[in-house]
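**Student:** what follows is a protein structure lacking sequence information:
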């Protein structure tokens, strides 16, 4: 699982903005098993916070800022 506060840059992005993970959404089925894990990320654009609510783990892991 990716920690909240992880910073990354999307691969292939022309702008190169640093995004931050701010929340984790876990979807479970009726049996209680995890079906899907998605991440909520934010970045700043022209002084405003932009939120993307459906980012997969692969996108974040590919662009982690070290």
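**Tutor:** Now that the structure is in, tell me what you want to look at. Fair warning: this is a prediction, and the values are worked out from it, not measured in the lab. Numbers count the residues shown, from 1 in each chain.
**Student:** for this protein, give me the ranges with low pLDDT.
**Tutor:** The model of the chain has no residue with pLDDT under 70.
**Student:** and the longest strand along it, which residues are buried?
**Tutor:** Identified as the longest strand of the chain according to DSSP state E is strand 34-45. Along strand 34-45, these residues count as buried under the neighbour rule (16 or more other CB atoms under 10 Å): 38, 39, 40, 41, 43. C-beta here means a position set from N, CA and C on the backbone, and glycine is covered the same way.
**Student:** ok, and the closest non-adjacent residue to residue 24?
**Tutor:** Nearest non-adjacent residue to residue 24, counting by CB to CB, 6 or more residues apart in numbering: residue 39, 5.8 Å away.
**Student:** so who does the one you found touch?
**Tutor:** Listed by CB atoms under 8 Å, 6 or more residues apart in numbering, the contact set of residue 39 reads 2, 21, 23, 24, 25, 55, 56, 57, 60.
**Student:** could I get those as JSON lines with secondary structure, distance to residue 34 and neighbour count?
**Tutor:** Converted to JSON lines, the contacts of residue 39 look like this (DSSP: H, G, I helix; E, B strand; the rest coil; distance: CB to CB, whole Å; neighbours: other CB atoms under 10 Å):
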{"residue": "2", "secondary structure": "coil", "distance to residue 34": "14", "neighbour count": "15"}
{"residue": "21", "secondary structure": "strand", "distance to residue 34": "18", "neighbour count": "19"}
{"residue": "23", "secondary structure": "strand", "distance to residue 34": "16", "neighbour count": "12"}
{"residue": "24", "secondary structure": "strand", "distance to residue 34": "11", "neighbour count": "14"}
{"residue": "25", "secondary structure": "strand", "distance to residue 34": "11", "neighbour count": "12"}
{"residue": "55", "secondary structure": "strand", "distance to residue 34": "17", "neighbour count": "18"}
{"residue": "56", "secondary structure": "coil", "distance to residue 34": "14", "neighbour count": "11"}
{"residue": "57", "secondary structure": "helix", "distance to residue 34": "12", "neighbour count": "14"}
{"residue": "60", "secondary structure": "helix", "distance to residue 34": "17", "neighbour count": "18"}
